[in-house]
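Student: here's a sequence, model it:
(chains A, B, C and D)
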Protein chains: 4
Amino acid sequence: MRFETRKQIRFHHCDPAGIVFYPQYFYLLHEAQEDFLAHIGYPEHELIASGLGVPIVDLKTEFLGMCRYGDEIRISLGLTRVGNASIGMHYEIHSCPRAPDVGTSLKLVARTVVVCSEVPHGKVRSIPDGLREALLPYLQTTTENKP
Amino acid sequence: MRFETRKQIRFHHCDPAGIVFYPQYFYLLHEAQEDFLAHIGYPEHELIASGLGVPIVDLKTEFLGMCRYGDEIRISLGLTRVGNASIGMHYEIHSCPRAPDVGTSLKLVARTVVVCSEVPHGKVRSIPDGLREALLPYLQTTTENKP
Amino acid sequence: MRFETRKQIRFHHCDPAGIVFYPQYFYLLHEAQEDFLAHIGYPEHELIASGLGVPIVDLKTEFLGMCRYGDEIRISLGLTRVGNASIGMHYEIHSCPRAPDVGTSLKLVARTVVVCSEVPHGKVRSIPDGLREALLPYLQTTTENKP
Amino acid sequence: MRFETRKQIRFHHCDPAGIVFYPQYFYLLHEAQEDFLAHIGYPEHELIASGLGVPIVDLKTEFLGMCRYGDEIRISLGLTRVGNASIGMHYEIHSCPRAPDVGTSLKLVARTVVVCSEVPHGKVRSIPDGLREALLPYLQTTTENKP
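Tutor: Numbering: from 1, shown residues only, chains lettered A, B, ... in the order given. As a prediction, this is how the structure comes out:
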């Protein structure tokens, strides 16, 4: 199972070339992660308030197409790994077609690894049981998994 | 040869955990790229005004340590490839020690691939000869090259 | 009549004190302006594509309370003036209570003046008739108007 | 006496119209405030670490001209008031001419009021004596003061 959320490309995402400036994609991916954690019952602001953070340790991104101001996008998120403390995430950004007969198109693929850590000191800790259970339905099986 | 530039971690780089929020590192790396292009005689704003952009197509980043508000950092940049149209870049962010007897420490390693493109339509084009010549001294030899 | 839109305070809006860093409020106000223009049939990205921009010339803001990560906010927008080329806007940000028996509270009041201008050269021009007509229902009458 | 610092307009400051997107000016003004506090011996990150923050409560800004990617700017800062807990600040942004025979030009004027507060709870407190003494040389006299 994958989680999906829709976003709009805003004026402030775009650069003098009229396209999304690449660091802005990571704000959008982080918003998708926030939406996902809220959806599974663990809003990130509550996790942080309880002393649990999920800082990123690894990021790989392919930029496959440009997004422009006014575009509607769909961000999908699946998990590639739920370890003792680390979580592997796989994101895709698709543009939503403005015209009804145009297919969506894949704009960006990202893989992140985040690690459960104590806030604010950053010491690694295990994923709490409840959170682990809420994450597992999104763990991609081999056939779902993107290479 | 590598290019080096120093930056400060600013209040606006930091998140509620008091550390740099990861997309902000890419603003800092882009500033380093701007400083590098200006240093070799091809300021990016002049490249863009002349119709040449260098959008990113691939990014790999390892986050090795946290940076905090007030930290001084050193960003170094070397080139891993100067192709027909694409340029491979290798960045490192080191913190500068506040105390004189403390060594610097590596906080982040990033590898990017950017592609020379026409602004604003994004059509790929060859690296202009003058720019290529200015880039080549920063192409890492095998022994300099980081694995 | 006033326009209203709801937003969430995201991780990236917040600073090391755990509250919204003040420039981030202006991204939120600009998103509200984008939502408003789309609502009245003139999406900003289409205005810009047609050569019409609305840069800001004057801004006054009172910061009345702090917003935190996870807060839901309501932004309301009314117009204080629809001139030949300039538009006066009045924004309020209210937090939405998390508990049902708590009232909303006013966090920020802002007044902006934007001016219709030609993109990209910035020459002032009259508000197009269609846009003017779409704006007028949101012009605050004396009794609605905030002092 | 006024404090002055120089900055460059970076790619990430600019919007699809090729000019600085207005919230970005407040990041630049905040950087100037950081540079000022460090210059007078009270770096903001040390103030915050000691439990003292200076959140903004009021902001007035006139946007008088556009800044573009690659522009060099000069930000000057004087104080209009040093009260018991509040500090009034007056900022100007001037562009630095690229050609030697062109004068600078005023792009932005901003007035802010910040209030000494306890971190993280925001309770107002008096300006500490040492900080007050360091601020006073920058308090504008009537003749220096901008209307």
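
Student: can we go C-alpha only for contacts and neighbour counts from here?
Tutor: Fine.

Student: what does chain A put close to chain B?
Tutor: Contact residues (Cα under 8 Å from any Cα of the partner chain) of chain A with chain B: A:17-18, A:22-24, A:26-27, A:56-64, A:119-120.

Student: buried residues, the lengthiest helix in chain A. List them.
Tutor: Among all segments of chain A classified by DSSP state H, the helix with the greatest residue count is helix A:22-39. Using 16 or more other Cα atoms under 10 Å in any protein chain shown as the burial criterion, the residues of helix A:22-39 that qualify are A:22-37.

Student: so which of those reach chain C?
Tutor: Counting by Cα under 8 Å from any Cα, the members of the buried residues of helix A:22-39 that reach chain C are A:27, A:31.

Student: just the buried members of the residues of chain A next to chain B?
Tutor: Taking 16+ other Cα under 10 Å as the criterion, what is buried in the residues of chain A next to chain B is A:17-18, A:22-24, A:26-27, A:56-63, A:119.

Student: closest one of those to residue C:47?
Tutor: Of all these, residue A:18 has the smallest distance to residue C:47: 13.8 Å, by Cα to Cα.

Student: quick one: low-confidence parts of chain A?
Tutor: For chain A, residues meeting the criterion pLDDT under 70 lie at A:99-104, A:142-147.

Student: just flag the most distant two among the buried residues of helix A:22-39.
Tutor: By the measure Cα to Cα, A:22 and A:37 form the most distant pair in the buried residues of helix A:22-39, at 23.6 Å.

Student: about what we covered before: which elements pack onto the longest helix of chain A?
Tutor: In terms of contact count using 3 or more Cα pairs under 8 Å, 6 or more residues apart in numbering or on different chains; DSSP states H and E, helix A:22-39 is assigned the packing partners strand A:3-8, helix A:44-49, strand A:72-82, helix B:22-39.

Student: only C-alpha atoms, please: export that helix in PDB.
Tutor: As requested, C-alpha coordinates have been extracted for helix A:22-39 and formatted as PDB (Å, rounded to 0.1, in the frame of the first residue of the first chain):
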ATOM      1  CA  TYR A  22      15.100  21.900  -6.500                       C
ATOM      2  CA  PRO A  23      15.500  22.300  -2.700                       C
ATOM      3  CA  GLN A  24      11.800  23.200  -2.700                       C
ATOM      4  CA  TYR A  25      10.900  19.700  -3.700                       C
ATOM      5  CA  PHE A  26      12.200  18.500  -0.300                       C
ATOM      6  CA  TYR A  27       9.800  20.800   1.500                       C
ATOM      7  CA  LEU A  28       7.000  19.200  -0.500                       C
ATOM      8  CA  LEU A  29       8.300  15.700   0.300                       C
ATOM      9  CA  HIS A  30       8.500  16.600   4.000                       C
ATOM     10  CA  GLU A  31       5.000  17.900   3.900                       C
ATOM     11  CA  ALA A  32       4.000  14.500   2.400                       C
ATOM     12  CA  GLN A  33       5.800  12.800   5.200                       C
ATOM     13  CA  GLU A  34       3.900  15.000   7.700                       C
ATOM     14  CA  ASP A  35       0.600  14.200   6.100                       C
ATOM     15  CA  PHE A  36       1.500  10.500   6.100                       C
ATOM     16  CA  LEU A  37       2.500  10.400   9.800                       C
ATOM     17  CA  ALA A  38      -0.700  12.300  10.700                       C
ATOM     18  CA  HIS A  39      -2.700   9.800   8.500                       C
END
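
Student: who touches that helix?
Tutor: A:3-5, A:7, A:13, A:43-44, A:75, A:77, A:91, B:23-24, B:26-27, B:56, C:10, C:12 (Cα atoms under 8 Å, 6 or more residues apart in numbering or on different chains).

Student: what of stretch A:130-140?
Tutor: With contact meaning Cα under 8 Å, 6+ apart, stretch A:130-140 is reached by A:1-3, A:40-42, A:78-82.

Student: and if we set it to 10 Å?
Tutor: With Cα atoms under 10 Å, 6 or more residues apart in numbering or on different chains as the test, stretch A:130-140 has contacts from A:1-3, A:36-37, A:39-42, A:47, A:77-85, A:87-90, A:126-127, A:129, A:145-146.

Student: list only buried entries from those residues.
Tutor: Among these, those scoring as buried are A:2-3, A:36-37, A:42, A:77-82, A:85, A:87-90, A:127 (criterion: 16+ other Cα under 10 Å).

Student: so how far is residue D:111 from residue A:116?
Tutor: Using Cα to Cα, to the nearest Å, we find residue A:116 at a distance of 43 Å from residue D:111.

Student: sorry, back to before: now, the residues of chain A next to chain B that are in helices?
Tutor: A:22-24, A:26-27.

Student: for these, give me CSV that also has distance to residue C:69.
Tutor: CSV is the format used below for those (distance: Cα to Cα, whole Å):
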residue, distance to residue C:69
A:22, 24
A:23, 21
A:24, 19
A:26, 18
A:27, 14
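
Student: about what we covered before: what angle do the longest helix of chain A and strand A:3-8 make?
Tutor: Relative orientation of helix A:22-39 and strand A:3-8, computed by axes from the mean of the first three to the mean of the last three Cα atoms, to 10 degrees: 130 degrees.

Student: please identify the residues of chain A in proximity to chain D?
Tutor: Proximity of chain A to chain D (Cα under 10 Å from any Cα of the partner chain) is limited to residues A:11-24, A:68-69.

Student: residue A:78 contacts residue A:109, doesn't it?
Tutor: No - the pair residue A:78 and residue A:109 fails to qualify as a contact (Cα atoms under 10 Å) at a distance of 11.6 Å.

Student: who touches both of those two?
Tutor: Common neighbours of residue A:78 and residue A:109 (Cα under 10 Å, 6+ apart) are A:90-92.

Student: so which of these are in strands?
Tutor: Using DSSP state E, the subset of the shared contacts of residue A:78 and residue A:109 located in strands is A:90-92.

Student: near chain C, which residues of chain A show up?
Tutor: Taking Cα under 10 Å from any Cα, the part of chain A that reaches chain C is made up of A:9-12, A:27-28, A:30-31, A:34-35, A:38, A:43-46, A:48, A:68-71.

Student: nearest to chain C, of the ones in helices among the residues of chain A next to chain B?
Tutor: Distances from these to chain C were compared by Cα to the nearest Cα; the smallest belongs to residue A:27, at 7.1 Å.

Student: tell me what the nearest residue to residue A:2 once chain neighbours are set aside is bridged to.
Tutor: Once its chain neighbours are removed from consideration, residue A:2 has its nearest residue in residue A:78; the separation is 4.7 Å (Cα to Cα, 6 or more residues apart in numbering or on different chains). On the basis of DSSP bridges, residue A:78 is bridged to residue A:90.

Student: and residue A:78, what does it touch?
Tutor: Residue A:78 is in contact with A:1-4, A:36, A:88-92, A:111, A:135, A:137-141, A:144-146, counting by Cα under 10 Å, 6+ apart.

Student: kindly provide the distance from it to chain D.
Tutor: The gap separating residue A:78 from chain D is 30 Å, by Cα to the nearest Cα, to the nearest Å.
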